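Novice: coordinates for the following, if possible.
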Amino acid sequence: MRRGWAGPVLALAAAAGCSTLGPGPSGLSLDEKIGQLFVYAARGVFVNEQSAGYRELLRQVRENRVGGILWYQTENVYETAWLDDRLQSSARVPLLIAADLETGLGMRFADTTDWPWPMAVAATGDPSLAERQGRIVGEEARAVGVNQIYAPVADVNTDPQNPTINVRSYGEDPADVARFVAAFVRGAQAAGVVATAKHFPGHGDTRTDSHRSLPVLSETAEGIDRQDLPPFRAAIGAGVRAIMTAHLAAPALDPSPAPARPEGVLENPYTQEEAEVARDATVPASLSPAVTTGLLRGRLGFSGLVVTDAMDMGALVDHYDPGEAAVRAILAGADQIPKSPDIDRAIAAVRQAVASGRISLERLDASVRRILEAKRFAGAPRTSAAEIFRFVDRPEHRELAEEIARRSLTLVREEPGALPLSAGARLVQVNISVGPERIGGDFARELGSRSAETPRAFSLDGRSVAADIPPILEAARGADAVLVCLFVRVQSGRGSIATPPLARDAVAELAASGAHVVAVSFGSPYALAEIPSARTMLAAYGSQTDLQVAAARALLGETAISGRLPVSIPGVAARGTGISKSAGKTS
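Specialist: Predicted structure coming up:
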């Protein structure tokens, strides 16, 4: 599947005298150089070739000469692959085509392997699984024409209330996170894709979602160096090709104030509460020369691509217009500017900054060289329906995802004799979720297929009322066990991650009634701290089908439980906790 550059690109390489590394900046016009720094974000779904959406994609490639495409919403692998091929064929310089694939293609594409979250991978204690996963994710990405992935997450999640990182992190211990990050990087880049470690200098010790507004990392410079930087050092040591900078303020690294926009915030898609907007924040790390050039390139010695986080996020648009944000990112040392809220305006601003001398040609050329080097490494993969059909979502890929799910399950707490559940047990399932979605079906079906009857199911979420609780208590009186399933998960832009108060009260009432409560967290393991009355707790780290199926089988004693917590759950358990159980009995 991997191919080199062809056509006009080879001619450019020869003209620039860089046939080994690909075309150099001297082979490109000024507009092409500027365009190379921008990554246009779009939906990788079916479009007619005469549609406005497809014409806009072509305009960005042909007229704005963008250097990359970011698929932020996709559906079918064939549709996206077809677009990838069309756009690569339309580009004079091959494109870096990117996607967020933290949990593999399943994070963006229907009917493909959806891997467990990184925290689940870390719960296995086996970094080789991360490397194998990275290799498969990279190979599948290339099969559909994606040659840059925005993964792995290198943040060390030390704040249990972090609303945006959480299970996306490998854990709270810098050394452990570093091992898993480096392993994933090695695997992914062995497959020929550009891995992108994120979010530098570290987003794990924050309580503000940067999609909504600007977080402030209040740690000292020494604390950041000790706690947040080890995984990025490990990624660099593993040869990572790209690092994504975060839209967060780090006053200890750069105390320069972040300005307020005199015209007000125009692009932030989230409703802002007065208390949430950072009024005294400092310049975001993504726009800070001290962070990008001084720390990342200087002290850490990183020479690859620097990619900013999406430029349309509230953390940035609250303080900068699209043009100024792009100019400042480049001056800070960034090479790729993805998802500008107004890419035409941003490109025009950079062009003006170059014309005025604010951005020097030398600075521009430095970024272009790094971009072209990354493209030389990744090539321009060409897709085919036959290759996709043969390779993507192979049984062995599913088997590895299932193995990770099975080995990650962590028994945090157990009431004596609570597990395993008997196949004939009368079960009540209470699904607790934050959003309106009704989830837990895979878990229920798996239990039902192995039990005398399907569990009686109830749901509680943010819309529930007190009248919803008595029927659950009544059903629990005739049950052998009540399975409380917490589907409390990270969701971009939500701004918080917490169990609905009424649902917490319901669990407390169930425990007080004498019901045998078994809590399973199919999302944030920290959610278990909100239901301390549950005397048996299992952490599954996500709602992916493999994790729901693995949890059902483990509770019934069909498979062993061997995971260890990669984080501490306040008031419940320390990092490293995990009660081992053999299949069918306690070990």
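Novice: I'd like the next helix or strand past the least confident helix or strand in the chain by mean pLDDT.
Specialist: The helix or strand of the chain with the lowest confidence, counting by mean pLDDT, DSSP states H and E, is helix 8-16 at a mean of 37. Counting by DSSP states H and E, the element after helix 8-16 in chain order, helix or strand, is helix 30-36.
Novice: next secondary structure element downstream of that following helix?
Specialist: Next element after helix 30-36 (DSSP H and E): strand 38-44.
Novice: and that next one, what does it pack onto?
Specialist: helix 52-62, strand 68-74, helix 77-90, strand 96-99, strand 337-338, helix 343-356 (3 or more Cβ pairs under 8 Å, 6 or more residues apart in numbering; DSSP states H and E). To be clear about C-beta, it is placed using only N, CA and C from the backbone, and glycine gets the same treatment.
Novice: now those in TSV, please, with extra columns for mean neighbour count, mean pLDDT and distance to residue 580.
Specialist: As requested, the helices and strands packed on strand 38-44 are exported to TSV (neighbours: other Cβ atoms under 10 Å; pLDDT from 0 to 100; distance: least, Cβ to Cβ, whole Å):
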stretch	mean neighbour count	mean pLDDT	distance to residue 580
helix 52-62	16	96	52
strand 68-74	22	93	39
helix 77-90	20	96	39
strand 96-99	26	98	37
strand 337-338	26	98	43
helix 343-356	18	98	53
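Novice: next, format the ones you listed as CSV and append distance to residue 38.
Specialist: Compiled in CSV, the helices and strands packed on strand 38-44 are given as follows (distance: least, Cβ to Cβ, whole Å):
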stretch, distance to residue 38
helix 52-62, 8
strand 68-74, 7
helix 77-90, 14
strand 96-99, 11
strand 337-338, 5
helix 343-356, 6
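Novice: for residue 448, find the nearest of the ones you listed.
Specialist: Set against residue 448 and scored by Cβ to Cβ, the helices and strands packed on strand 38-44 come closest in helix 77-90, at 31.2 Å.
Novice: need the residues that contact that closest one.
Specialist: 44-47, 57-58, 61-62, 69, 71, 74, 94-95, 97, 105, 109, 112, 143-146, 380-383, 385, 388, 392 (Cβ atoms under 8 Å, 6 or more residues apart in numbering).
Novice: kindly report the same for stretch 464-484.
Specialist: 418, 421-422, 425-430, 432, 443, 447, 455-456, 458, 460, 500, 502-503, 505-507, 509-510, 513, 515-520, 531, 534, 555.
Novice: list only buried entries from those.
Specialist: Listed as buried from the contacts of stretch 464-484 are 418, 421, 425, 427-430, 432, 443, 447, 455-456, 458, 460, 500, 502-503, 506-507, 509-510, 515-520, 531, 534, 555; burial here means 16 or more other Cβ atoms under 10 Å.
Novice: which ones among the residues you listed are found in helices?
Specialist: Those of the buried ones among the contacts of stretch 464-484 mapping onto helices are 443, 447, 502-503, 506-507, 509-510, 555, per DSSP state H.
Novice: for residue 214, report the pLDDT, please.
Specialist: We note a pLDDT of 89 for residue 214 in this prediction.
Novice: how close does residue 118 get to residue 185?
Specialist: Distance, residue 118 to residue 185, by Cβ to Cβ, to the nearest Å: 13 Å.
Novice: check the contact lists of the two and give me the overlap.
Specialist: Counting by Cβ under 8 Å, 6+ apart, the common neighbours of residue 118 and residue 185 are residue 152.
Novice: what about these two, which has more around it?
Specialist: residue 118 (31 against 28; other Cβ atoms under 10 Å).
Novice: was I right about the more buried one contacting residue 166?
Specialist: No - in this structure residue 118 lies outside contact range of residue 166 using Cβ atoms under 8 Å: 10.1 Å.
Novice: check contacts around the closest residue to residue 248 other than its chain neighbours.
Specialist: Nearest-residue entry for residue 248: residue 215, 4.4 Å, with adjacent residues in sequence omitted and distances by Cβ to Cβ, 6 or more residues apart in numbering. By Cβ under 8 Å, 6+ apart, the contact set of residue 215 is 203, 206-209, 247-249, 278, 315.
Novice: can we see that at 10 Å?
Specialist: Shown in contact with residue 215 (Cβ atoms under 10 Å, 6 or more residues apart in numbering): 162-164, 203, 205-209, 246-250, 278, 281, 284, 315.
Novice: report the buried members of the contacts of helix 77-90.
Specialist: 44, 47, 57, 61, 69, 71, 74, 94-95, 97, 105, 109, 112, 143-146, 380-383, 388, 392.
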